[in-house]
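Peer 1: sequence-free structure coming up:
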């Protein structure tokens with residue numbers, strides 16, 4: 001491990017560490033444009049120049065030079081300052097200097113570093129060059145004259161996203177970033193290019209000219225569009241969500257989020273339920289009501305039906321507190337018909353290890369072979385797919401898929417489409433797998449079928465025979481698609497015995513809009529819908545209780561690893577809508593069985609006392625391997641079908657989002673039309 005000195009501070013680093021990385025460990029700032037710690041090193045901007053005593057008689061690029069033993073580095077000498085000013089002056093030769101109208105203003109690396117490291121005036125008076133803007137699709141706005149050719153976007157596309165549309169064209173003064181043939185950027189991670197662009201060349205189209213960064217209130221929260229639990233920051237102004245950005249969490253989403261998480265926020269203010277409604281018996285139409293009228297009506301109905309004739313369902317976007325409050329309310333009525341698997345998935349819930357992502361998300365990088373079953377992680381959990389690609393780029397590990405053949409951004413062996421192919425693979429490789437840390441990732445496509453429980457048993461057998469579970473390693477992973485699912489399973493929001501939804505007289509839907517549930521409700525059943533958007537659940541409802549979306553309430557969410565995290569309220573719910581747990585608490589008062597908590601703190605205290613894992617924030621409690629699943633020999637040979645057909649339309653927020661509609665039209669509908677035309 002080399003030991004060196006940077007600005008008179010000694011530090012010992014691992015072999016291969018670059019000077020710029022060592023400086024970061026000491027807290028010494030070195031400016032940069034092209035360097036990014038998650039991407040390869042091109043060393044083409046030359047902004048990170050430093051002086052190395054005894055080295056070359058000129059400044060060296062600190063991002064590209066590894067630390068050496070007894071190296072003495074200076075970052076603030078006159079030679080370094082003059083070199084940085086020269087680099088900055090060159091970068092600004094052709095830059096349009098249009099900061100007042102640039103959406104990057106206030107959070108622009110070029111702005112900041114021009115002030116900190118550049119000259120206070122320009123010596124160039126010639127006409128600046130102009131570069132034609134590129135059409136990269138409905139999400140990324142381009143003003144390519146601002147581009148400084150740092151190639152961050154190109155490297156992100158090739159290394160992280162797995163797409164090669166972007167590249168650097170031409171040479172010298174004619175060099176520019178673009179596509180060889182005009183095309184949109186076809187990756188579900190495209191918005192991250194906006195974040196890593198150090199200038200205003202790539203900005204957000206939906207956010208264009210909407211706000212300035214210093215005007216926004218910034219709230220740290222958790223994304224609910226999938227079960228990854230990506231860490232996000234919600235930027236709001238005047239009670240409206242203006243944009244959503246990623247937060248750094250190396251164990252989950254690193255510093256990326258997918259385009260659905262980033263751009264669907266405009267759906268939060270459209271098609272909203274902002275007041276209670278009751279369906280009129282005569283006209284059969286929903287009519288506005290006061291909260292007192294709606295709560296009294298609901299409580300009377302809950303008292304009317306017998307406990308065995310009532311069922312409650314928790315939807316995909318619900319927070320743990322709301323689910324716990326609903327379970328407490330139903331338990332006070334003696335109701336045991338509870339269900340959170342609204343997508344129709346059938347798997348054994350008796351052992352947590354059987355339905356968790358046991359290796360953890362960051363643990364994917366430790367795997368040396370991966371088997372995907374009934375899943376398209378690119379659409380179901382984009383950040384999981386990005387982590388798999390990262391591992392493939394580093395190790396070139398073998399990856400196999402059993403299920404629908406899809407583009408996963410990395411090569412894989414398509415081992416079949418049905419359970420019989422899984423059986424054959426297990427029989428062929430049982431006891432012969434050479435991998436030290438093999439991994440299985442099974443998606444909801446393996447369980448959203450009649451023999452889902454038996455598939456669960458088959459996957460358990462496969463894990464044991466292929467050595468996926470061994471001392472010090474558990475590579476058995478279930479990939480969920482709903483943000484609420486793991487917390488609901490932790491709370492036990494599941495039936496104590498099988499029941500038929502079609503036979504239930506009253507059904508309580510907490511944010512449920514899945515057709516798998518709505519279509520199975522008896523036409524004569526009384527339906528209470530509590531949620532925030534007027535979609536399928538609200539159309540079927542006899543009473544609507546308007547709730548709050550994830551940006552409008554404090555809530556706990558457990559991701560597919562079993563990691564609990566806290567989302568925070570960024571804005572208030574519209575109109576008369578209320579936070580979900582408060583609605584359920586009010587109902588309990590009306591049925592004269594008040595729940596034992598009056599505020600969120602008391603609710604959490606009681607919930608955590610019964611389910612401690614929901615209180616260990618950002619920690620994972622591993623589970624012991626044990627028995628689960630049904631009889632493996634009873635599986636059918638129906639092919640696996642992936643649960644998500646359209647990445648951009650997976651929940652009520654997306655359905656209300658104009659941006660997601662544009663993406664569907666641009667990336668889904670046009671692609672299908674082109675395929676049909678080619679056939």
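Peer 2: In hand now; what should we look at? All of these numbers come straight from a predicted model, not from anything done at the bench. Numbering: from 1, shown residues only.

Peer 1: Distance check, residue 196 against residue 248.
Peer 2: To residue 248, residue 196 is 13 Å away according to Cβ to Cβ, to the nearest Å. Quick note: C-beta positions are derived from backbone N, CA and C, even for glycine.

Peer 1: Looking at those two, which one has more neighbours?
Peer 2: Using other Cβ atoms under 10 Å as the criterion, residue 196 and residue 248 rank with residue 196 on top: 19 against 10.

Peer 1: Next up, phi/psi of the more buried one, please.
Peer 2: phi -90, psi -10 (degrees, to the nearest 10).

Peer 1: same question, residue 309
Peer 2: Dihedral angles for residue 309 - degrees, to the nearest 10 - are phi -110, psi 10.

Peer 1: what does the one 5 residues further on give?
Peer 2: With angles defined as degrees, to the nearest 10, residue 314 sits at phi -110, psi 130.

Peer 1: Dig out what it forms beta bridges with.
Peer 2: Residue 314 forms beta bridges with residue 510, as assigned by DSSP bridges.

Peer 1: Surely residue 371 is in a helix?
Peer 2: No: counting by DSSP: H, G, I helix; E, B strand; the rest coil, residue 371 is not found in a helix; it is strand.

Peer 1: How much space separates it from residue 521?
Peer 2: From residue 371 to residue 521 the distance is 37 Å (Cβ to Cβ).

Peer 1: again with residue 490
Peer 2: Relative to residue 521, and taking Cβ to Cβ, residue 490 is found at 26 Å.

Peer 1: do residue 230 as well
Peer 2: As for residue 230, its distance to residue 521 is 32 Å (criterion: Cβ to Cβ).

Peer 1: Same drill for those two, tell me which one is more crowded.
Peer 2: Legend: neighbour count by other Cβ under 10 Å for residue 230 and residue 521, higher for residue 230 (28 against 20).

Peer 1: Return the residues in contact with that one.
Peer 2: Contact partners of residue 230, counting by Cβ atoms under 8 Å, 6 or more residues apart in numbering, are 222-223, 246, 249, 252-253, 257-258, 261, 383.

Peer 1: Now secondary structure, pLDDT and distance to residue 529 too, for the residues you listed, in a markdown table please.
Peer 2: Compiled in a markdown table, those are given as follows (DSSP: H, G, I helix; E, B strand; the rest coil; pLDDT from 0 to 100; distance: Cβ to Cβ, whole Å):
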| residue | secondary structure | pLDDT | distance to residue 529 |
| --- | --- | --- | --- |
| 222 | strand | 98 | 24 |
| 223 | coil | 98 | 24 |
| 246 | strand | 97 | 32 |
| 249 | strand | 97 | 34 |
| 252 | coil | 97 | 32 |
| 253 | coil | 96 | 32 |
| 257 | coil | 97 | 29 |
| 258 | coil | 97 | 28 |
| 261 | helix | 97 | 25 |
| 383 | helix | 97 | 31 |
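
Peer 1: Can you tell me which of those are buried?
Peer 2: 222-223, 246, 249, 252-253, 257-258, 261, 383 (16 or more other Cβ atoms under 10 Å).

Peer 1: Going by distance to residue 88, which of those wins?
Peer 2: Among the buried ones among the contacts of residue 230, residue 246 lies closest to residue 88 (Cβ to Cβ), at 28.1 Å.

Peer 1: tell me the pLDDT at the spatially most central residue of the chain?
Peer 2: The centroid of the chain falls nearest to residue 230 when counting by Cα atoms, centre = their mean (4.5 Å). Per-residue confidence (pLDDT) for residue 230: 98.

Peer 1: With residue 322 instead?
Peer 2: Confidence score, pLDDT, at residue 322: 98.

Peer 1: Skipping adjacent residues, who's closest to it in space?
Peer 2: Nearest residue to residue 322, sequence neighbours excluded (Cβ to Cβ, 6 or more residues apart in numbering): residue 580, at 3.7 Å.

Peer 1: OK, contacts around the one you found?
Peer 2: Per Cβ under 8 Å, 6+ apart, neighbours of residue 580: 318-319, 321-322, 325, 510-511, 530, 547-548, 553.

Peer 1: What is the helix or strand hosting residue 455 packed up against?
Peer 2: Taking DSSP states H and E as the definition, residue 455 sits inside helix 452-465. Applying 3 or more Cβ pairs under 8 Å, 6 or more residues apart in numbering; DSSP states H and E, we find helix 452-465 packed against helix 419-429, strand 438-443, strand 476-479.

Peer 1: can you give me how far it is from the chain middle?
Peer 2: 27 Å (Cα atoms, centre = their mean, to the nearest Å).

Peer 1: pLDDT (mean, whole number) over that helix?
Peer 2: Mean predicted lDDT for helix 452-465 stands at 96.

Peer 1: Name the residues that touch that helix?
Peer 2: 345-348, 354, 371, 373-374, 419, 422-423, 425-426, 430-431, 440, 442, 446-447, 449, 468-469, 475-476, 627-635.

Peer 1: Can you list the buried residues in that helix?
Peer 2: 452-463.

Peer 1: after it, next one along is what?
Peer 2: Following helix 452-465 in sequence order, the next helix or strand is strand 469-470 (DSSP H and E).

Peer 1: who does that next one pair up with?
Peer 2: Per DSSP bridges, strand 469-470 is paired in its sheet with strand 473-474 (antiparallel).

Peer 1: any residues touching the strand it pairs with, and which ones?
Peer 2: So strand 473-474 is in contact with 353, 358-359, 366, 436-437, 468, 622, 625, going by Cβ under 8 Å, 6+ apart.

Peer 1: quick one: contacts for residue 146?
Peer 2: Contact analysis of residue 146 by Cβ under 8 Å, 6+ apart lists 95-96, 98, 102, 199-201.

Peer 1: change it to 7 Å
Peer 2: 95-96, 199-201 (Cβ atoms under 7 Å, 6 or more residues apart in numbering).

Peer 1: you'd agree residue 348 is up against residue 626?
Peer 2: No: counting by Cβ atoms under 7 Å, residue 348 does not reach residue 626; the two are 10.5 Å apart.

Peer 1: and which of the contacts of strand 473-474 is nearest residue 138?
Peer 2: Among those, residue 359 lies closest to residue 138 (Cβ to Cβ), at 35.4 Å.

Peer 1: What separation do you get for the residue nearest to that closest one when sequence neighbours are not counted and residue 436?
Peer 2: Residue nearest to residue 359 in three dimensions, not counting chain neighbours: residue 475, with 5.1 Å by Cβ to Cβ, 6+ apart. Residue 475 sits 10 Å away from residue 436, going by Cβ to Cβ.

Peer 1: out of the two, which sits in the more crowded spot?
Peer 2: residue 475 (26 against 13).

Peer 1: Could you double-check that that one sits in contact with residue 442?
Peer 2: No: if you go by Cβ under 7 Å, residue 475 and residue 442 don't touch, sitting 11.4 Å apart.

Peer 1: any weak-confidence spans in this protein?
Peer 2: By pLDDT under 70, the low-scoring segments of the chain are 671, 673-679.
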